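1. only geometry, no sequence info:
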């Protein structure tokens, strides 16, 4: 598996727009996406961490290079104070408990 973790800083007051945008992204059913998580930090309600898991690096790169993903990113970026801080890499351990 492969994925990305992004530190993002939301423009204050854009929480509802972010939630709606993420629901739209879910409907896109991007090939290769296994899961997605959004964490809001306790210390700062405008700071979030977004984690997206793909089946493999090939699917991740195909999505990253697609015009559809660029359009989705531009919508997300409009809600942020600054560019995200991205950290891509291979997932070396994964457990999902029910």
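-> On my side now, so go ahead. Remember, it's a predicted structure, so these values are computed and weren't measured experimentally.
2. Could I get the buried residue list for the helix ranked longest in the chain?
-> As far as residue count goes, and with DSSP state H defining each element, the longest helix of the chain is helix 15-28. With burial defined by 16 or more other Cβ atoms under 10 Å, the residues of helix 15-28 counted as buried are 18, 21, 25. No exception for glycine: its C-beta is placed from N, CA and C like everyone else's.
3. Go ahead and confirm the first one touches residue 10.
-> Yes - between residue 18 and residue 10 there is a contact at 6.1 Å, judged by Cβ atoms under 8 Å.
4. Are there residues contacting both of those two? Which ones?
-> Residues touching both residue 18 and residue 10 comprise residue 79, with contact defined as Cβ atoms under 8 Å, 6 or more residues apart in numbering.
5. could you pull out the strands for the chain?
-> 2-9, 33-40, 47-54, 85-90 (DSSP state E).
6. now those as CSV including mean pLDDT and distance to residue 73?
-> Below are the strands of the chain laid out as CSV (pLDDT from 0 to 100; distance: least, Cβ to Cβ, whole Å):
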stretch, mean pLDDT, distance to residue 73
strand 2-9, 97, 10
strand 33-40, 94, 14
strand 47-54, 96, 11
strand 85-90, 97, 11
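7. got TSV for those strands, with distance to residue 97 and mean neighbour count too?
-> Putting the strands of the chain into TSV (distance: least, Cβ to Cβ, whole Å; neighbours: other Cβ atoms under 10 Å) gives the following:
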stretch	distance to residue 97	mean neighbour count
strand 2-9	19	18
strand 33-40	13	14
strand 47-54	15	18
strand 85-90	22	12
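8. Alright, that wraps it up for me.
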